[in-house]
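**Student:** have a look; sequence and predicted model below, questions after that.
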Amino acid sequence: MESFNGNTDNLKNFNESNLRISTSFRSNFTDPDTNCTLDFTQNRNINNIVKLNLNYVTICNNFYNVASYNNTFYLLVNSGAGNTVNKITVPVGYYDATALAALLQTLCVPFAPTLTITYSETLKRIVFNTNDAGTTILLNPDTLSANFNYLGNNFLYLIGAPVDGGGYSATNVPSPLPSPPALFGATSVYIVSNKLVTARSILNVLLPDDNEINRSLQSQNASEIMALGITSPWGTYQTYYDNGSARGMYVLSQGLTLDTVDLKVVDQFGNVLENGTNNTPIYYSFKIFYQ
């Protein structure tokens, strides 16, 4: 069988197979489905893979909208008793605006006993009220959290407050936050794999209109193998197809041995998505060409 030279027309000389993977069979079951490694050595290694396509992904939309990377902020309380700066940590989970407002009140009242926090269906805003003429509330981001300047990593963005904390204060009148809550969760999701991407060819791929002098380039810069726009309701599965976009298609300069594969699901800020369960496996379907 002739060796593969980068011209996809020669793939007809290679074996073709479908490889379906479930994160239920990840190597370490304590790892989340969104960040795990699968080991094929006990089943079957596939050698000399020269091309693979990620044809589709079946995934459950049960990701937290308040996660470990965006669940902290500071509550500044100015009152007759003095001024305090209090770090608030919100338990991770998936919240609607009403439930999150009620939880925030529970978390903040120990530092501001007269404070109420509610969600207004009329205003579509979370509303703070100190209910005390001598008390003012300010909100500040947790600037020590990783990448706090990314919107998705800033809790204040999630609740509709100014992301830098400036320009907003709550007094003894209803004080709505300036923007609606951004609790829609993961909408843009990226499947990444260091194992598969680092094996990609550093050569350009020969396409039908290419020649040895003028070739179209294949990106080498990111570990993304597919991008998804999540459209299913929260808590439900949906299958997302490559649809010929070639995002999940990689031609390899040397035959890849597929003995293990790492698969990670991240948002547009690079955060591994969290769901708090190991019971919603993700299903991947690859088409592979190999000798």
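**Tutor:** That came in fine, so what should we check first?

**Student:** contact partners for residue 132?
**Tutor:** 79, 114, 172 (CB atoms under 8 Å, 6 or more residues apart in numbering). C-beta: built from backbone N, CA, C; applies to glycine.

**Student:** so which of these wins on neighbours?
**Tutor:** residue 79 (17 neighbours; other CB atoms under 10 Å).

**Student:** per-residue pLDDT, it?
**Tutor:** We have a pLDDT of 93 for residue 79.

**Student:** for it, which non-adjacent residue is closest in space?
**Tutor:** Distances taken as CB to CB, 6 or more residues apart in numbering put residue 135 closest to residue 79, at 4.2 Å, once the chain neighbours are dropped.

**Student:** distance of that neighbour from residue 128?
**Tutor:** 11 Å (CB to CB, to the nearest Å).

**Student:** higher neighbour count, those two?
**Tutor:** Taking other CB under 10 Å, residue 135 and residue 128 do not tie; residue 128 has more neighbours (29 against 19).

**Student:** quick one: that one and residue 88, what's the gap?
**Tutor:** 13 Å.

**Student:** beta partners of residue 117?
**Tutor:** On DSSP bridges, the residues paired with residue 117 through beta bridges are residue 128.

**Student:** who's in contact with it?
**Tutor:** So residue 117 contacts 101, 102, 104, 105, 108, 126, 127, 128, 129 (CB under 8 Å, 6+ apart).

**Student:** can you put the contacts of residue 132 in TSV and add secondary structure?
**Tutor:** Shown next, in TSV, are those (DSSP: H, G, I helix; E, B strand; the rest coil):
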residue	secondary structure
79	strand
114	coil
172	coil
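
**Student:** which one of these sits closest to residue 92?
**Tutor:** residue 114 (28.1 Å; CB to CB).

**Student:** check contacts around the closest one.
**Tutor:** 130, 131, 132, 135 are the contacts of residue 114 under CB under 8 Å, 6+ apart.

**Student:** in JSON lines, list these along with pLDDT, distance to residue 263 and secondary structure.
**Tutor:** Shown next, in JSON lines, are those (pLDDT from 0 to 100; distance: CB to CB, whole Å; DSSP: H, G, I helix; E, B strand; the rest coil):
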{"residue": "130", "pLDDT": "97", "distance to residue 263": "48", "secondary structure": "coil"}
{"residue": "131", "pLDDT": "97", "distance to residue 263": "50", "secondary structure": "coil"}
{"residue": "132", "pLDDT": "96", "distance to residue 263": "52", "secondary structure": "coil"}
{"residue": "135", "pLDDT": "96", "distance to residue 263": "50", "secondary structure": "coil"}
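
**Student:** greatest separation within those: which pair is it?
**Tutor:** Maximum distance among these (CB to CB): 8.0 Å, for 131 and 135.

**Student:** isn't residue 31 up against residue 37?
**Tutor:** Yes - with contact defined as CB atoms under 8 Å, residue 31 and residue 37 form a contacting pair (7.3 Å).

**Student:** out of the two, which sits in the busier spot?
**Tutor:** Set residue 31 next to residue 37 and count neighbours by other CB under 10 Å: residue 37 wins out with 16 against 13.

**Student:** wait, what's in contact with that one?
**Tutor:** 26, 27, 28, 31, 260, 261, 262, 263.

**Student:** report the buried members of those.
**Tutor:** Buried by 16 or more other CB atoms under 10 Å: 26, 261, 262, 263, out of those.
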